[in-house]
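**Q** Curious how this folds, go ahead:
(one chain, ligands or ions: 1)
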Amino acid sequence: MTEARSYQLFINGKWRAGSDGATIPVINPATEMVFASVAAASSSDLDEALASAERSRRAWSSRPAKERGDLLVRAARILAAKIPYAVKDLSTEQGKTIAEAAGEYARAVETFDWDGTHAEELSAAIPMGPNRMIVPAPLGVVAAFTPWNYPAVLIARKLAPALAAGCPVILKGAEETPSVAMHIVEALREAGLPDGVVNLVFGVPSQISRHLLNSPIVRVLTFTGSTAVGKQLARLAANNLQRCILELGGHSPVVVCADADLTKAVPAISEYKFECAGQSCNAPSRILVARPLYEEFLSRTTEVARTIKIGAPDDPATEMGPMANARRIEAMERLTKDATDRGAHVETGGARLDQLGFYWPPTILTGVPKDAKVLHEEPFGPILTVAPFDTIEEAIEEANATEYGLAAYFFTAAANSKRELIGGLAAGAVSVNYLKGVSADAPYGGVKQSGYGYEGGEHGVRSFQNLKLVNGQGSLG
Ligand code: NAD
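**A** Coordinates of the predicted model:
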């Protein structure tokens, strides 16, 4: 029997166990078996992480931005070289296929590379005429909380811009996917990151967030996760007025207009929806189809959903792996039952697969009444609702009828429909005739209960900066 892997904390430049020896089991979602453990930080470990981040702050923030950027670019190359074995770890922990894990790591590498390449330019003073300028200054120590669904990309989208801006980070990795945080932090260490600039902790999430946000050392909170937890963290951050970047839930609509090309729309929607078993904050979850296309769209999409090959994530033939944990299966069961109890029809899927592992098949629901929970709660799984509409105004009203506002998508060739939909959809990002992940150079953030603040591109780096206004008379130095 091979010994179970144990993942550690990284505090003040050293990998080590938690000071009281506590650990948390890591479960393989394809087998439901514990296969590894991760160290849990105690209060004294968190105090050490805070002190170490604070000690490193001055030197890191005053290091030339070009050097910080070069280090991030080096880390991107080192991380890229780790991908062939890192993807296996991610797939085992999370349940996504090896191809999905490779795609995710490639986006993480791209993010470190983009932020590293632009660190110098985004740290430079911005002139505002003869006697005024803005001097971007790092805000200070960042507490970053990252989830298990896209752990590599979401860690990269927090760490890379914060480090580029000159801020040390205390990162709480997801306990479900510890290898990812370990590989990324190790890449930074190998690239020459000074001790204390990144500290990695795991443990009981609510204890860690309370402890870190209670400290005035922390100046920025960045979190990706559910709206409920995001609100708790924003309340904690209010005590020390830490700046908050909150990337929260989504419940994204797709509007398929009467002139849409179904040969493009159906595969694009299915592919993006069922990636990572639907556990993505910007996965489409409510499809609104112009009535003349409704039956055709439904039958084609149901056919695609039925033929998706579900299986072990490390089998190259698998197109969709298991869900990440038992909580997601419970949520799928609850949402499906609530919808069908209210009269919805299951076109395909609708029940857990009768085999070991957290497997839930692609599920399509129709005739879903407006008060069903699945239309209001973030499904965060492979469940789609499909409904017809008669006018664009009606589609926009339906699309906006949730508390979320993260992503929205539509398919049409008509310029007037495009204008109406771009203007009318209440979302942080609107995609036209395509569905794809977020690239490293673009700002991304939600509206309504999907959060506030931006990650990605220039805005992502600015999130960690004080735009210090310098004005006066004569030369400003
Ligand atoms: P959850 O809300 O308990 O946890 C979500 C993430 O937040 C996890 O990584 C968890 O470790 C972290 N977290 C939880 N409580 C925390 C706290 N008090 N302080 C700091 N971090 C905390 O739920 P879950 O069962 O792990 O995930 C399910 C729900 O979370 C989904 O329904 C979805 O809405 C949301 N989620 C969203 C994203 C996203 O990309 N926006 C990612 C993962 C989960």
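**Q** Let me know the distance separating the residue of the stretch 351-477 of the chain found nearest the ligand from residue 149.
**A** Closest residue of the stretch 351-477 of the chain to the ligand, Cβ to the nearest ligand atom: residue 380 (3.7 Å). Heads up, the C-betas are built off the backbone N, CA and C, glycines and all. Distance from residue 380 to residue 149, counting by Cβ to Cβ, to the nearest Å: 8 Å.
**Q** what do you get for residue 72?
**A** Distance from residue 72 to residue 149, counting by Cβ to Cβ: 24 Å.
**Q** residues contacting residue 385?
**A** The contact partners of residue 385, taken as Cβ atoms under 8 Å, 6 or more residues apart in numbering, are 285, 286, 287, 339, 344, 364, 365, 366, 368, 374, 375.
**Q** Outside of stretch 313-320 itself, list whatever touches it.
**A** Against stretch 313-320 from outside (Cβ under 8 Å, 6+ apart): 30, 88, 91-92, 94-99, 274, 277, 308-312, 321-322, 362, 382.
**Q** Filter these down to the ones in helices?
**A** When the contacts of stretch 313-320 are checked against helices (DSSP state H), the matches are 88, 91, 92, 94, 98, 99, 274.
**Q** Could I get the CA-only coordinates of stretch 332-339 as CSV?
**A** Extracted C-alpha coordinates of stretch 332-339, given in CSV (Å, rounded to 0.1, in the frame of the first residue of the first chain):
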residue,chain,number,x,y,z
MET,A,332,-28.6,18.4,-7.2
GLU,A,333,-31.0,16.1,-5.5
ARG,A,334,-32.7,18.9,-3.6
LEU,A,335,-33.0,21.2,-6.6
THR,A,336,-34.3,18.5,-8.9
LYS,A,337,-36.9,17.3,-6.4
ASP,A,338,-38.1,20.8,-5.6
ALA,A,339,-38.5,21.5,-9.4
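**Q** Offset the numbering so it begins at 183, please.
**A** Done: numbering now begins at 183, and the last item shifts to stretch 514-521.
**Q** what comes up buried for it?
**A** The neighbour-count criterion (16 or more other Cβ atoms under 10 Å) identifies 514, 517, 518, 520, 521 as the buried residues of stretch 514-521.
**Q** So what's the residue count around the spatially closest residue to residue 365 that is not a sequence neighbour?
**A** In this structure, residue 365 finds its nearest non-sequential neighbour in residue 268, 4.6 Å apart by Cβ to Cβ, 6 or more residues apart in numbering. Residue 268 has 25 neighbouring residues, counting by other Cβ atoms under 10 Å.
**Q** Are the helix or strand encompassing residue 268 and the ligand in contact anywhere?
**A** Assigned by DSSP states H and E, residue 268 falls within helix 247-276. No - judged by Cβ under 6 Å from any ligand atom, helix 247-276 makes no contact with the ligand; its nearest approach is 10.9 Å.
**Q** buried ones in that helix?
**A** Buried residues in helix 247-276, counted by 16+ other Cβ under 10 Å: 247, 250-258, 260-262, 264-265, 268-269, 271-276.
**Q** isn't residue 354 right next to residue 390, touching?
**A** Yes - if you go by Cβ atoms under 8 Å, residue 354 and residue 390 touch, sitting 5.3 Å apart.
**Q** Quick check: neighbours shared by the two?
**A** Residues touching both residue 354 and residue 390 (Cβ under 8 Å, 6+ apart) are 327, 383.
**Q** Nearest to residue 622 among the buried residues of stretch 514-521?
**A** Ranked by distance to residue 622 (Cβ to Cβ), the buried residues of stretch 514-521 are led by residue 514 at 31.6 Å.
**Q** where's that closest one relative to residue 493, distance?
**A** From residue 514 across to residue 493, the span is 18 Å (Cβ to Cβ).
**Q** what's the answer for residue 325, then?
**A** When distance is defined by Cβ to Cβ, residue 325 is 38 Å away from residue 493.
**Q** Neighbour count for these two, which is higher?
**A** Neighbour totals were compared for residue 325 and residue 493, and residue 325 leads with 30 against 18 (other Cβ under 10 Å).
**Q** and the helix or strand hosting that one, anywhere near the ligand?
**A** Taking DSSP H and E as the criterion, residue 325 maps to strand 323-327. Yes - using Cβ under 6 Å from any ligand atom, strand 323-327 reaches the ligand at residue 327.
**Q** Name the strands paired with that strand and say parallel or antiparallel.
**A** Sheet pairing of strand 323-327 (DSSP bridges) gives strand 351-354 (parallel), strand 400-406 (parallel).
**Q** Show me where the stretch 283-432 of the chain has its strands.
**A** With strands called from DSSP state E, counting those that start in this stretch, the stretch 283-432 of the chain shows them at 308-309, 314-320, 323-327, 351-354, 380-383, 400-406, 425-429.
**Q** Looking at those strands, which is nearest to residue 652?
**A** strand 314-320 (5.2 Å).
**Q** Tell me the helices and strands packed up against that closest one.
**A** helix 225-244, strand 308-309, strand 647-653 (3 or more Cβ pairs under 8 Å, 6 or more residues apart in numbering; DSSP states H and E).
**Q** how about CSV for the ones you listed, with mean pLDDT added?
**A** Listed next are these as CSV, based on pLDDT from 0 to 100:
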stretch, mean pLDDT
helix 225-244, 98
strand 308-309, 96
strand 647-653, 97
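**Q** winner for burial among the ones you listed?
**A** Stretch with highest mean neighbour count among the helices and strands packed on strand 314-320: helix 225-244 (a mean of 19; mean count of other Cβ atoms under 10 Å).
**Q** re the thing from before, for the helix holding residue 268, give the mean pLDDT please.
**A** Average pLDDT, helix 247-276: 98.
**Q** same deal with stretch 502-509?
**A** What stretch 502-509 shows for mean pLDDT is 98.
**Q** Say whether the ligand is contacted by that stretch.
**A** Yes - Stretch 502-509 comes into contact with the ligand (Cβ under 6 Å from any ligand atom), by way of residue 509.
**Q** for that stretch, how far is the first residue from the last?
**A** Start to finish, the residues bounding stretch 502-509 are 18 Å apart (Cα to Cα, to the nearest Å).
**Q** Could I get the buried residue list for that stretch?
**A** In stretch 502-509, counting by 16+ other Cβ under 10 Å, buried: 502, 503, 504, 505, 506, 507.
**Q** Helices of the stretch 333-482 of the chain, start to end?
**A** 333-347, 360-372, 387-395, 409-422, 444-456, 473-489 (DSSP state H, counting those that start in this stretch).
**Q** which SSE is residue 220 in?
**A** Assigned by DSSP H and E, residue 220 belongs to strand 215-221.
**Q** Name the residues of that strand that are buried.
**A** 218, 219, 220, 221.
**Q** Would you mind listing what in the stretch 183-332 of the chain touches the ligand?
**A** Applying Cβ under 6 Å from any ligand atom, we find that the stretch 183-332 of the chain lies next to the ligand at 327, 329, 330, 331.
**Q** pretty sure the third one contacts residue 276?
**A** Put plainly, it is residue 330. Yes - in this structure, residue 330 is within contact of residue 276 by Cβ under 8 Å, at 6.2 Å.
**Q** what residues are shared contacts of the two?
**A** Residues touching both residue 330 and residue 276 (Cβ under 8 Å, 6+ apart): 358, 359, 506.
**Q** Just give the number of residues close to the residue nearest to residue 189 when sequence neighbours are not counted.
**A** Once flanking residues are discounted, residue 189 sits nearest to residue 360: 3.8 Å by Cβ to Cβ, 6+ apart. When neighbours are counted by other Cβ under 10 Å, residue 360 registers 27.
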